[in-house]
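Peer 1: Below: sequence and its predicted model.
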Amino acid sequence: MHSEDRSTTMNRRDFLRLGGAGLAGASLLGTAGGRVVAQTGSSLEAQFAAAARKYEVPVELLLAMGYYNTLWEMPPPSASAYRKGDLEGRGDYGIMQLTQNPSRNTLGKAAKLTGLSKARLKNDRSANIEGGAAFLSDLVGKPKPKSLNRWQEALTKYAGTELYASQIYGVLRSGASLTISTGERLKLSPQDVEVSQVYTTQSGATNYPRAVWHPAASCNYTDSNRETSYDNKIVIHVAQGSYSGTISWFENCAAQASAHYVVSRKGQVAQCVRDEDIAWHAGLWDTNTYSIGIEHAGYINYPDSFTDEMYHASARLSAWYCKKYKILIDREHIIGHDQVPGCPGSGGGVNCHTDPGSYWDWKKYMRFIRYHRDRL
């Protein structure tokens, strides 16, 4: 993230202001923990149900999308607003991740379908859900499929990648439950659906044996032949978005950015740039030339983004690199993006990044790296 977003970096209380209609007319509810939270007049569950009815989309599908996209939270527009050359600047907005960047404009399509302004779609939770439902409904056409399994093609078109549909159907099959920042508890019961497999090359094309190969576009990294001994840092990032969305962004020349690896909440690891090539991830060329960049799905303000499965998968990856390239396991050599000076295109200067953020547990992560190193 940029320094320009620091003033909008939000804690959990701040999300109450952005969820739905804001605090106007909100009631105060006590929770089991004794704290008081604000509850808007229209619950998130009701907003999903209303959009599902209006556009004839299964509510379970909308719930799965919202959970996978943002853990049912409504990120501020600044979280991943389009910024050329910024690793996290994809231009995906809101709980439904409506997109507006030089290569895709699903936000604009949603605005035409709903009659709602782009500004409202970006900022208002209920409007954003309606926009996503309208766009998905338009993609599937008429008549609407009666089976959940028949929506997979439309989901692929929605995000521009088969991986997205596969991930959403994984959520549908396993179900989900979470208490969001407004204090509301949501639950998606497991559904009897088929999870399509996205076929990728494993091991042979990757440097890291546990990774699957999802190559970044050649316009988003520098083809090189780095000596492996030259890699002496690992840079930890948080994507401000989903696993599939991050991988798809690296495949898009509009990004002008990439990382070597992307790790999901479930511990999946994708390699996008080979070790010997220079990924454009740090925002500072000098750091790019001697580091490995690891992106993590999620948002810096959502602590639930960072699961033990993610920590273990990433730590195992880092441990493997530390052993292979003799990188010291300390906080001088395994660093956060916020420790890298400079902004994209600036060539250096004042630090302007905030990820991985205060919810990233460095003590746990470093402990896990040592644990996995001792077992390699």
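Peer 2: Yes, it's here.
Peer 1: Glu251 reaches Ala217, doesn't it?
Peer 2: Yes - under the criterion of C-beta atoms under 8 Å, Glu251 is in contact with Ala217, at a separation of 5.2 Å. Any C-beta I mention is one placed from the backbone N, CA and C, and that applies to glycine too.
Peer 1: for the top helix by length along the chain, what is the average pLDDT?
Peer 2: Ranked by residue count under DSSP state H, the longest helix found in the chain is helix 308-325. Here helix 308-325 scores 96 as its mean pLDDT.
Peer 1: again with stretch 261-277
Peer 2: The model assigns stretch 261-277 a mean pLDDT of 96.
Peer 1: where in this protein is pLDDT low?
Peer 2: Low-confidence segments of the chain, defined by pLDDT under 70, span residues 1-41, 199-204, 227-231, 342-351.
Peer 1: which residues touch the residue nearest the centre of it?
Peer 2: By C-alpha atoms, centre = their mean, the chain has its centre lying nearest to Gly241, at 1.9 Å. Residues counted as contacts of Gly241 (C-beta atoms under 8 Å, 6 or more residues apart in numbering) are Asn69, Ser80, Glu88, Arg90, Asp92, Gln97, Trp249, Ala297, Tyr299.
Peer 1: domain parsing for this structure?
Peer 2: 3-188, 212-373 (automatic domain parsing).
Peer 1: Could you dump the ones you listed into a markdown table and include distance to Thr206?
Peer 2: Output for these, formatted as a markdown table (distance: least, C-beta to C-beta, whole Å):
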| stretch | distance to Thr206 |
| --- | --- |
| domain 3-188 | 16 |
| domain 212-373 | 4 |
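Peer 1: Alpha carbons of the longest helix of the chain, as CSV, please.
Peer 2: Presented in CSV, the C-alpha positions along helix 308-325 are these (Å, rounded to 0.1, in the frame of the first residue of the first chain):
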residue,chain,number,x,y,z
ASP,A,308,-2.3,-21.1,10.4
GLU,A,309,-2.5,-23.0,7.1
MET,A,310,-1.2,-19.8,5.4
TYR,A,311,1.5,-19.2,8.0
HIS,A,312,2.8,-22.8,7.8
ALA,A,313,2.7,-22.9,4.0
SER,A,314,4.5,-19.6,3.7
ALA,A,315,7.0,-20.4,6.4
ARG,A,316,7.8,-23.8,4.8
LEU,A,317,8.5,-21.9,1.5
SER,A,318,10.7,-19.4,3.3
ALA,A,319,12.5,-22.1,5.2
TRP,A,320,13.2,-23.9,1.9
TYR,A,321,14.7,-20.7,0.4
CYS,A,322,16.7,-19.9,3.5
LYS,A,323,18.3,-23.4,3.3
LYS,A,324,18.8,-23.3,-0.4
TYR,A,325,20.2,-19.8,-0.7
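Peer 1: I appreciate the help and will end here.
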